[in-house]
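>>> Next one to model:
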Amino acid sequence: MAAPTFHELQILKEFRNRVKDLNLQEDIISDVELLRWIRVRDHNLDQAEIMLRKHMNWREEVNFEGIKLWDVPKEYR
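Below is the predicted model:
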């Protein structure tokens, strides 16, 4: 991933503030990860925020974190 521009560093702070209520884990809240959401929506923070919130809702709906507790069947090991 390309280094962030000055403009991206500025809006990254705003984006982080917008989503702080989600209490995101470090692997999602890192600058690199948040910058991915910003870039994919062409720096439109409103759209990036909507997309991230939908993603987090999906993770909750499918119990994404529960995969860590899944016991892989013997035939797939």
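>>> Find the centremost residue of this structure, please.
I28 (4.5 Å; Cα atoms, centre = their mean).
>>> Can you tell me how far that residue is from H55?
I28 sits 9 Å away from H55, going by Cβ to Cβ, to the nearest Å. Where you see a C-beta, it was placed from the backbone N, CA and C, and this is true even at glycine.
>>> For the residue nearest to the centre of the chain, give me its contacts.
Counting by Cβ atoms under 8 Å, 6 or more residues apart in numbering, I28 makes contact with nothing.
>>> Can you tell me the SS state at it?
With DSSP: H, G, I helix; E, B strand; the rest coil as the basis, I28 sits in helix.
>>> Do you have the helices of the chain handy? List them.
In the chain, helices defined by DSSP state H lie at 6-18, 26-29, 31-40, 45-61, listed in chain order.
>>> what does the longest one rub up against?
To tie it back to what came earlier, the one meant is helix 45-61. By Cβ under 8 Å, 6+ apart, the surrounding residues in contact with helix 45-61 are 11, 14-15, 18-19, 22, 24, 37-38, 40-41, 64-65.
>>> Specify the angle between it and helix 31-40 in degrees.
Per axes from the mean of the first three to the mean of the last three Cα atoms, to 10 degrees, the angle that helix 45-61 makes with helix 31-40 is 120 degrees.
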